[in-house]
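Following is a predicted model, sequence given first.
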Amino acid sequence: MIRTMVITKEDRLVLDAPIDDILARIDLKWYWIDFSKPTIEERDSLQTFGFHPLAIEDCLHLKQRPKVDYYDHYQFYVMSGLYHKTLKSHEIGAFLSSTMLVTFHTLPHVEIDEIWDNLASNQETPRKDPKWILYKIIDKMVDASFPHLENIEEQLNRLESKSSRSYQIQTLMDELFVVRRKLSHIRHFAVPMRELIDRMIHSEKLNHNEEERRHYQDIHDHLVKLTGMIEASREITSDIRDNYLSINSNRMNTVMMTLTVITTIFMPLTFIVGIYGMNFQNMPELKWQYGYFLVLGVMALLGSAMYLLFKKKGWFDE
Amino acid sequence: MIRTMVITKEDRLVLDAPIDDILARIDLKWYWIDFSKPTIEERDSLQTFGFHPLAIEDCLHLKQRPKVDYYDHYQFYVMSGLYHKTLKSHEIGAFLSSTMLVTFHTLPHVEIDEIWDNLASNQETPRKDPKWILYKIIDKMVDASFPHLENIEEQLNRLESKSSRSYQIQTLMDELFVVRRKLSHIRHFAVPMRELIDRMIHSEKLNHNEEERRHYQDIHDHLVKLTGMIEASREITSDIRDNYLSINSNRMNTVMMTLTVITTIFMPLTFIVGIYGMNFQNMPELKWQYGYFLVLGVMALLGSAMYLLFKKKGWFDE
Amino acid sequence: MIRTMVITKEDRLVLDAPIDDILARIDLKWYWIDFSKPTIEERDSLQTFGFHPLAIEDCLHLKQRPKVDYYDHYQFYVMSGLYHKTLKSHEIGAFLSSTMLVTFHTLPHVEIDEIWDNLASNQETPRKDPKWILYKIIDKMVDASFPHLENIEEQLNRLESKSSRSYQIQTLMDELFVVRRKLSHIRHFAVPMRELIDRMIHSEKLNHNEEERRHYQDIHDHLVKLTGMIEASREITSDIRDNYLSINSNRMNTVMMTLTVITTIFMPLTFIVGIYGMNFQNMPELKWQYGYFLVLGVMALLGSAMYLLFKKKGWFDE
Amino acid sequence: MIRTMVITKEDRLVLDAPIDDILARIDLKWYWIDFSKPTIEERDSLQTFGFHPLAIEDCLHLKQRPKVDYYDHYQFYVMSGLYHKTLKSHEIGAFLSSTMLVTFHTLPHVEIDEIWDNLASNQETPRKDPKWILYKIIDKMVDASFPHLENIEEQLNRLESKSSRSYQIQTLMDELFVVRRKLSHIRHFAVPMRELIDRMIHSEKLNHNEEERRHYQDIHDHLVKLTGMIEASREITSDIRDNYLSINSNRMNTVMMTLTVITTIFMPLTFIVGIYGMNFQNMPELKWQYGYFLVLGVMALLGSAMYLLFKKKGWFDE
Amino acid sequence: MIRTMVITKEDRLVLDAPIDDILARIDLKWYWIDFSKPTIEERDSLQTFGFHPLAIEDCLHLKQRPKVDYYDHYQFYVMSGLYHKTLKSHEIGAFLSSTMLVTFHTLPHVEIDEIWDNLASNQETPRKDPKWILYKIIDKMVDASFPHLENIEEQLNRLESKSSRSYQIQTLMDELFVVRRKLSHIRHFAVPMRELIDRMIHSEKLNHNEEERRHYQDIHDHLVKLTGMIEASREITSDIRDNYLSINSNRMNTVMMTLTVITTIFMPLTFIVGIYGMNFQNMPELKWQYGYFLVLGVMALLGSAMYLLFKKKGWFDE
């Protein structure tokens, strides 16, 4: 879908004018054209603006990290945002000049839709400019990532307590794995964006005034906080996993000890009763008056002795 | 709760004047207003000072790392402190000018309370200034974190010795987990604060004199020491865990060997006695005069042979 | 194989002229000589150009990381590319001046072949120059590495889902090992190339104009993206492995518990029936009317009691 | 203990003069006052010198990393040294001017004692100066740490060979744990000292001449070597531990296989002989002439078949 | 052993002149004195040159990392080389001026011997100078380390394939351990040397001309390649170990499952046949006509049921 928004010199807002018309008009103050999940045919329209071929190629293939390229009459941005459905980082291309903003993204972004709808229905719109819209897009996309991270933090709090109760462990591991994937996605959005914003703040070519710089600094601070939260959460996932593995190794130990104690006590006893179950004709003990009771006594002694031995070795302390 | 402290030009200390009064007065030297765990309504008062909207938003949402922002007539600080109950790092916003200090924190901080009480009851107060109070707050908050870390170090010393006795292992793991969480919290307080102080010392906009710089340098040195102690403690937790896992793996080995030795010796013997417990009518051995003793002898030989075999393989060395 | 391409001052394209002829001609605009998997004899031809001995030695032995060396009349590049068959990084030497490009590689590179074939059959060729060809070679080699990485990402997606189904684990481990080797190879290509390109962009000696710099910046951006993708994939391999190990440890636990429960319940019971299988003449219980049923009852009780004990201990929860 | 050493303008050496006397004298060239494990009362004497309160506080609490602070008439150093008994890093405070050295340490240091004794009994002493003594203290403390590290390296060499013999593993782990603690202590001494010396060499305020700079550079080189040795040793401890864990895991495997082979072969056989030990009145096989031998044959076949199956599966290869 | 080589002003080569003679002569162009594994007495000769005491001490104790110190009339180098027998890094001290090279090493180095022999028997020697010899020594020592690393890479290739066949695991672990030690030794040679060469290239005091700089740059490039190869090999050792541990853990799982299946099937059956082996006088089932066959049938059913249960649980899938 391609949607267009034009502000004429008389501060009038015109929506959905065809691109060719817009490029031909002289009486416009600024315009915003948004390529949202464009079809193959719609993508070709990008050629009509006369942008640099490298920038267009970057838009269409988007194999870049966030960056800003300076051309003579415009700047070309690659930004990234979290796609709200998959939580994966997704690139957005943008061409910016004082009279033009062209945004290009192969997935629909709810944050951009929101800004569009707001501008399209707002009296204030003619007083804004393309620079401000770009700032707003970045701001929204960064703010939109915080709730995801807060969800993760809550989930980790739940997992921490579960971990100590130590059950349904397969589930625990699977949840941790998913959380780590999510954290990884958010980090792959946040770190390059932080670097981009940092470069934008310190770039002399961008001609930001003090107020604009302050706004970008604010976004930068949020991104620094965000990456700090991501690292803290990653650390917790590692700790939960290590903790679980320790506990599991310990339970295994207890189980093995139980098995070994039982086997070590009963196997020799079973062997003894086996002996007196043999059918040899000449087995003198079998004829003793108290042979049976003697054997029972010997076995009771043997069993107790082994039990005491294990006890002394500290196997039941745990 | 909002509390106010005003020093008039005549060096008089006035407590708990309403905010609107304070802002209207001309005869004041400086004032300090502290928003301590303010209610929703109290928060709105922050709007009356005419601060920059971004700074106010940062105060209310506090998604920042510690930082200092420079505005025309004041500076805006975000600092962090350990909240003494949860040991979690908690942000504190502060607006500072030569005549004003406004502090804002959504949790009550005992360190700030202490400074307030001290100033409110002290003859010396008129000779202080907002800059000095801010320094004091940071100083107290940093110093307050040392006892926590010293507790952790003592706890780790105890755990180290426990670890070598190797019992109550689940408890050990849980304690380590808690210690690591605490260390993580303190680090998330100390590292960003260290960076903030560092930036404050080297900032030219802050106009610190030599003596003030020296004081902040001292706080910085404490924070460097603190982060060093945190890293050392983290390392010890890892080492204790690794050590425990090695010991556990070793115990498991011993247990498995015991089990295997017992099984390997007694299972074949039990099989043999089982053979002569069968009820076939034609089993020539059963009628031999010394069949029973022969079998006993064979089994004694077999058992001893296997015992010696394991001994030779070194299974009892451990 | 040595192949040569000469553009004369009259913009004529001459192919496969002998090297000595080329060096002797005065009427040429520029030439490209490609040593593709040269024989031992062909390698000697490299001596006839009068290059610096260190550069020639580097060409023949190629123990370098990618670099650029500046000589008086030419530059010497060592670049690396992925050899498409083994996916291993492979060095390519290149001597560049305004009228000359000499490339040297001991393995055939399809990317270079493609450029050669394109130039050899293209009307546009006389308008290109050696600098542009070198750029094209690097560009192709970098772009050629993306499909490999995308294959790996798809493979990891498959493995992730397999991991949760948790079967054919040896295969999983082997695949992971292979993937990590491949990622390692690509990284050993991408990181040094990124550094080389970075140095080329910022080198003042190379005299790149704005447009050339932009093209190299584009390659650099691709390489930054590539290394980011490599790191993300490596992280996923680690996570899959850790996840698998946790799951495996958990299955082991379940298996051991099953074994222990069975053994603990049946070993004492088997011992009891063994007792009444003994052949002592004087075993009073054997003559009791309901001795048999009594023993069966006792054993049923004992078995149930142990089952309940394990149940209470939570061994069946998992 | 407080000890004092004064060199008068006539190059006379006076020992153990009271502090107040020293501060009052005008005819002295330089003096050294050493607070070695001072009592609470002795600590108060530190106040009489008129040092900056922050420096005194640092001395008394010593929560600093090594550093140098510049005051108008003197410098304040915090250095650290290994306390020879515990091998723990321990801070030493020092105030230095051209006529004064005041050292303060809450534990006695043999290295300082040595320098003191040497100076107190040496004819050359009047030709030295406080700067030289400070250099000598640092030099001695750094050199004193090498023998500790060499001991550790020897110990690791022993452990490496033990590890391959793989016995007394609990001891091995405990030794490794102790070694890692020691290495950690030495590192917490060496790294901050290295940073301090580095800062001292490059500080312009310290006015070192070429020769002094060379001496400190020499200490710096030793510390760089020391930290390199520490890292190498740490790496070896990790490798020994990993190696041991692999070996242990392998032994466990062998043990488990032995157990499983024995159980799998003898359990079915024991079951078979159990069948013919039953006392049913109607069991036709029991009356067969060669039933017994038939069963023996079947069992021999079964046992051999299982043995061959395991052999084919490769369980005895290891 | 001390050996000397003198070039007189008339370009004559004099070998093995005594040191005192050399220092006394005026007609020499340059000389090289090599202390190769000197005896205690020979070491004393080092004092006769008038070098700085710190440099001599460094030579004798060699606790330095590679470095270059600048003195008024000479430079002092500490270089390191791999000692070919132990593969351990070993320091070499060298004093260099325009007319002098004094090298000092407590172990004999074949690389230095080779250069010496070459110079002693070569017509070209008078045209060389001490600077060139030093370069040659460093060059040879760096080149000599490549074959060691290539051996390791081949060994790792072999181990990788072995690892997949997964046998003789103790051997595999021991080989990996040795490889890691070797890699560690080479790295402790390569990294500090790389830093030294880097400092030499950028040092202004050394007055290298363009050609010399190029030669050192070449050595630097080799060392960068070398450290890259070392890191790649280290990574492979970790991957092989992790891979092996996963495989081992998996085999253990299979073994445990086999054990558990056998035990779980046969233990209850053995218990049943044990029941009917009891000798109670009143056991009605024993007298049933088809009791025996009934029990056999029940046991066949039970065994099959358990087998199917395990099959359904997926225990045989692996």
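Perfect, I can see it now.

where along the stretch 151-300 of chain A do the helices fall?
Remark: helices assigned in the stretch 151-300 of chain A by DSSP state H, counting those that start in this stretch are A:169-202, A:210-275, A:291-313.

how about the second one, does it get close to chain D?
In other words, helix A:210-275. No. On the criterion Cβ under 8 Å from any Cβ of the partner chain, helix A:210-275 is out of touch with chain D, staying 9.2 Å away. Heads up, the C-betas are built off the backbone N, CA and C, glycines and all.

on that earlier part again, can I get the helices of the stretch 151-300 of chain A in a markdown table including distance to D:W315?
Shown next, in a markdown table, are the helices of the stretch 151-300 of chain A (distance: least, Cβ to Cβ, whole Å):
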| stretch | distance to D:W315 |
| --- | --- |
| helix A:169-202 | 29 |
| helix A:210-275 | 21 |
| helix A:291-313 | 30 |
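
Which stretch among the ones you listed approaches C:S249 most closely?
For C:S249, the closest of the helices of the stretch 151-300 of chain A is helix A:210-275, at 5.5 Å, according to Cβ to Cβ.

what about that closest one and chain B, any contact?
Yes. Under the criterion of Cβ under 8 Å from any Cβ, chain B is reached by helix A:210-275 at A:214-215, A:217-218, A:221-222, A:224-225, A:228, A:232, A:235-236, A:239, A:242-243, A:246-247, A:249-250, A:252-253, A:256-257, A:259-260, A:263-264, A:267-268, A:270-271, A:274-275.

Now look at that helix and say if it contacts chain C.
Yes. On the criterion Cβ under 8 Å from any Cβ, helix A:210-275 is in touch with chain C at A:241, A:244-245, A:248-249, A:251-252, A:255-256, A:258-259, A:262-263, A:266-267, A:269-270, A:273-274.

Can you check what angle separates that helix from helix C:291-312?
Note on geometry: by axes from the mean of the first three to the mean of the last three Cα atoms, to 10 degrees, helix A:210-275 and helix C:291-312 are set 170 degrees apart in direction.

and helix A:210-275, how far from the chain's centre?
Here helix A:210-275 is found 19 Å from its chain centre; the criterion is Cα atoms, centre = their mean, to the nearest Å.

and it, anywhere near chain E?
No. Interface with chain E: helix A:210-275 contributes nothing (Cβ under 8 Å from any Cβ), its closest point being 9.3 Å away.

Can you tell me the element A:D113 falls in?
helix A:110-120 (DSSP states H and E).

Isn't A:H208 up against A:Q217?
No. A:H208 lies out of contact with A:Q217 (Cβ atoms under 8 Å); the separation is 9.9 Å.

Next, show the common contact partners of those two.
A:I201 (Cβ atoms under 8 Å, 6 or more residues apart in numbering or on different chains).

Helix or strand, whichever it is, which one in chain A has the lowest mean pLDDT?
helix A:145-165 (a mean of 80; mean pLDDT, DSSP states H and E).

Show me how chain A divides into domains.
A:2-247, A:249-312 (automatic domain parsing).

Export those domains as CSV, with columns for mean neighbour count.
As requested, the domains of chain A are exported to CSV (neighbours: other Cβ atoms under 10 Å in any protein chain shown):
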stretch, mean neighbour count
domain A:2-247, 17
domain A:249-312, 17
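
Turn those into TSV, columns for distance to B:V102.
Below are these laid out as TSV (distance: least, Cβ to Cβ, whole Å):
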stretch	distance to B:V102
domain A:2-247	19
domain A:249-312	53
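
got a list of what the closest residue to A:H52 other than its chain neighbours touches?
Once flanking residues are discounted, A:H52 sits nearest to A:Y71: 5.7 Å by Cβ to Cβ, 6 or more residues apart in numbering or on different chains. Listed by Cβ under 8 Å, 6+ apart, the contact set of A:Y71 reads A:51-52, A:55.

And for A:H73?
So, once contact is read as Cβ under 8 Å, 6+ apart, A:H73 ends up touching A:S97.

And what about it, helix, strand or coil?
Counting by DSSP: H, G, I helix; E, B strand; the rest coil, the backbone at A:H73 sits in coil.

What separation do you get for A:A120 and A:L15?
Separation of A:A120 from A:L15 (Cβ to Cβ, to the nearest Å): 6 Å.

Give the residues shared as contacts by the two.
Counting by Cβ under 8 Å, 6+ apart, the common neighbours of A:A120 and A:L15 are A:M5.

What separation do you get for the residue in chain A that chain D sits nearest to and E:G274?
Nearest residue of chain A to chain D, counting by Cβ to the nearest Cβ: A:G277, 7.0 Å away. A:G277 sits 9 Å away from E:G274, going by Cβ to Cβ.
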